[in-house]
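**Q** this is a predicted model, with the sequence first.
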Amino acid sequence: MRRKTWLRFIYLSLIVLVSAVTLPGLLFGGNAGGHSPSIAEASSPAPIIGEKGTIVMGTSPDYPPYENVDAKNNGEIIGMDIDIAKFIAAQLGYTLEIEAMDFNGLIAALQTKRVDFVMSAMSVTEERKQNVDFSSTYYVARNTIVSRASEPVETAEELAGKIVGTQLGSTQDLFAETLEGVELKKLNRIPDLIQELKAGRVNAVIVEDAVAVEMAAANPDLTVSYLPAGSAEDGYAIAFPKGSELVASFNEVLEEMKADGQIETITDKWFQESEAGSDSTINFGVLKGYVPYMLKGVYVTLLFTLVSALFGFVWGTILSLFKISGIKPLEWFATAYTSVFRGTPLLLQLFLIYFATPQLTGYNISPLLAAGLAFGLNSAAYLSETIRGGIMAVDKGQREAAMALGVPYWTMMFRIILPQAVKTILPALVNECVALLKESSLVSVIGVMDIMRRANVVQATEFRALEALLFAGLIYYVLVLILTSFARLLERRLRRSD
Amino acid sequence: MINVTELTKTYGKNQVLKGITTHVRQGEVVALIGPSGSGKSTFLRCLNLLEKPTSGIITIDDIELTSKHTDIGAVRQRIGMVFQHFHLFPHMTVMDNITFAPRKVKGLSAEAAKERALALLERVGLSDKADSYPSRLSGGQKQRVAIARSLAMEPDIMLFDEPTSALDPEMVKEVLAVIQGLASSGMTMLIVTHEMKFAREAADTIYFMDDGKLVEQTPPEQFFANPQSERARRFLEQVL
């Protein structure tokens, strides 16, 4: 009979696992099959929009004025690249669909044909050419030095002996590598560069002209010095999968746009100087208009926390039952599982699940699902120990009393033992939820639009580093306060039997 | 009703029961007495397989408990057990404590289980405590609820494992009264107890155990007036 209950139990836990994996997928709308396969093989030009179906563009919307999220309005992706892409798509008779992703994932998206082309202020390099095809360049950016107005750095020669910040992997980064006697500090994001410059940790940063102008406009204590223009080879171009038939037709439209001044019209529109920013270190005025956008992240963060906490709790409970089952293989499995998930960094697990799942299974896991899974799996490892401790702490007599009444094992576990265990470990469970809520900010690295990611977007759009971070911190703090007061209510309810 | 043949129980190298053979009739009330460590509780706990016998055979009516094929859950439903430390479910009200097993195990409807529970609470004199949590009850009240909880499964046999040992002296009486009432209703019962007066009044048979063996089984009048074994005589000298 024991054997039968165990089989039933394993079967049950499988169901729970499977639904835990698929349910968030439904909730989060994991885009399982990639985009619709409607990209027609273009042959003759026909200027009716959408006539040839949809064409998908990949971009990394964190690089204004080329592409960024219009956080003040409806969160649409806007920018110079977008306008050019829309124009070309319309000329060729496609409807344009934009897919946002991290810059580092763009080439991979082309190779796996998740997108038809990429426009993301991407410069042409030899390395990239080996993996993708490029159109002709549509814009050439100038390398520009930004420094503090109080200690200006104006020429490439003056950079010698100084510490210079660049954005890792950017064209300017490659350029700075060729400078003699310069100590480079490479950072991931433009707002980080601004902050390092203002904090005096670097003497100057090298960025492209459009970015430099915006940086200086938003931060009047910074000054801009243009470097001599490079060759057209370094310009930005549209990237396509190797052998794409779209290259020729895109080039045709680009040439027309260059000839009739359309490109210039668009660039002028986007490269106007924006209004002068504030001089002070912190000016919450820059958040004006972004508050609703950032608050939308609360929903994502809470949903994510809820799903990973629930999944972690259910799976953690199952693991803890494995550990006390007395069945050796189950005990070994649960122990090894806990050991691995506690013994490796959460961020690494997150990356592995997000990037390895599509490669190993072909299932294109959505960032939110990958994050929920990674956090749930990780949290379960910790919780399984907590819950096991809670179960052990329940008086042995409870089990005997239930057995003497003829109560079956699992009814006893779930109705008699676990409720008492949970009551004991409630403070630890609340801790875990708070930790999950805050650690959820890690998911912004894979592009989930949570509070942290939205703060980053605002940083990038406004070229101001601190304000959005402080506001995000405040939101997290308030959320934790609310969560803990809910927990206190729950605890009081559970204690009514004392 | 209960037949026990050559029952032994060993923990590691320590043999706690050294071959017990006996028969309990339907409606018989047995009081198990003897020095501590003599195996009384272990013997009792073997009867509903809370302890797994090392060897020997236990049958209840015609069902062999010690057989591998027996559905032990079903047998346990027929055997109620009351513990020294009550073991009420602390997260449930008195009512839920009593109705839990009838509903979850026997599939009784909530109404039927509640009705039965109210009748039992009246029988143990705790009608007003239905909605209390165990933490609000005195020891004697807890034990009476525990008895009601066992009775709610309508068992044929009741086992009591030192039901009054954890109680303050003034509460012993109220619990013994309930057990005595149960005894006179014809329930088959085995009671491990140190209450000699109670054993003498309530039991049909005294089992005297010593060192894992069932040394005597005699009617109480005879046992207390004229114990047969030297060991029982010495025990009675100590406790009376």
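**A** Thanks, I have it.

**Q** doesn't A:Pro191 belong to a strand?
**A** No - counting by DSSP: H, G, I helix; E, B strand; the rest coil, one finds A:Pro191 to be helix, located in no strand.

**Q** and residue 95, what are its phi and psi?
**A** Going with chain A. phi -90, psi 130 (degrees, to the nearest 10).

**Q** please report how far it lies from A:Asn74.
**A** 18 Å (C-beta to C-beta, to the nearest Å). Glycine gets a C-beta too; all of them are placed from N, C-alpha and C.

**Q** looking at these two, which is more packed in?
**A** Taking neighbours as other C-beta atoms under 10 Å in any protein chain shown, A:Thr95 and A:Asn74 compare with A:Thr95 leading, 16 against 8.

**Q** quick one: list the elements packing against the lengthiest strand in chain A.
**A** Counting by DSSP state E, the longest strand found in chain A is strand A:132-139. Applying 3 or more C-beta pairs under 8 Å, 6 or more residues apart in numbering or on different chains; DSSP states H and E, one finds that strand A:132-139 makes contact with helix A:106-111, strand A:236-241, helix A:246-259, helix A:262-270.

**Q** if I pick the closest residue to chain B within the stretch 251-400 of chain A, what's in contact with it?
**A** Relative to chain B, the nearest point of the stretch 251-400 of chain A is A:Gly397 (3.8 Å; C-beta to the nearest C-beta). The contact partners of A:Gly397, by C-beta atoms under 8 Å, 6 or more residues apart in numbering or on different chains, come to B:Phe83, B:His85, B:His87.

**Q** can you rerun that using 10 Å?
**A** Neighbour list for A:Gly397: A:Ala404, B:Phe83, B:Gln84, B:His85, B:Phe86, B:His87, B:Leu88 [criterion: C-beta atoms under 10 Å, 6 or more residues apart in numbering or on different chains].

**Q** cool, and A:Leu347?
**A** A:Ala374, A:Glu439, A:Leu442, A:Val443, A:Val445, A:Ile446.

**Q** go again with 7 Å.
**A** Residues in contact with A:Leu347 (C-beta atoms under 7 Å, 6 or more residues apart in numbering or on different chains) are A:Leu442.

**Q** centre of the chain versus the helix or strand containing it, how much separation?
**A** Using DSSP states H and E, A:Leu347 sits within helix A:346-361. Its chain's C-alpha centre and that of helix A:346-361 lie 14 Å apart, by C-alpha atoms, centre = their mean, to the nearest Å.

**Q** same question for stretch A:305-324.
**A** 25 Å.

**Q** please enumerate residues in contact with that stretch?
**A** In contact with stretch A:305-324 (C-beta under 7 Å, 6+ apart) are residues A:13, A:16, A:20, A:24, A:330-331, A:333-335, A:337-338, A:372, A:375-376, A:379-380, A:383-384, A:387-388, A:391, A:413, A:433, A:436-437, A:440.

**Q** taking those, please make a PyMOL selection of just the buried ones.
**A** Those of those that count as buried under 16 or more other C-beta atoms under 10 Å in any protein chain shown are selected in PyMOL with:
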select buried, chain A and resi 13+20+24+330+334+337+338+372+375+376+379+380+383+384+387+388+391+413+433+436+437+440
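
**Q** A:Gly105 - how many residues pack around it?
**A** Neighbours around A:Gly105, by other C-beta under 10 Å: 17.
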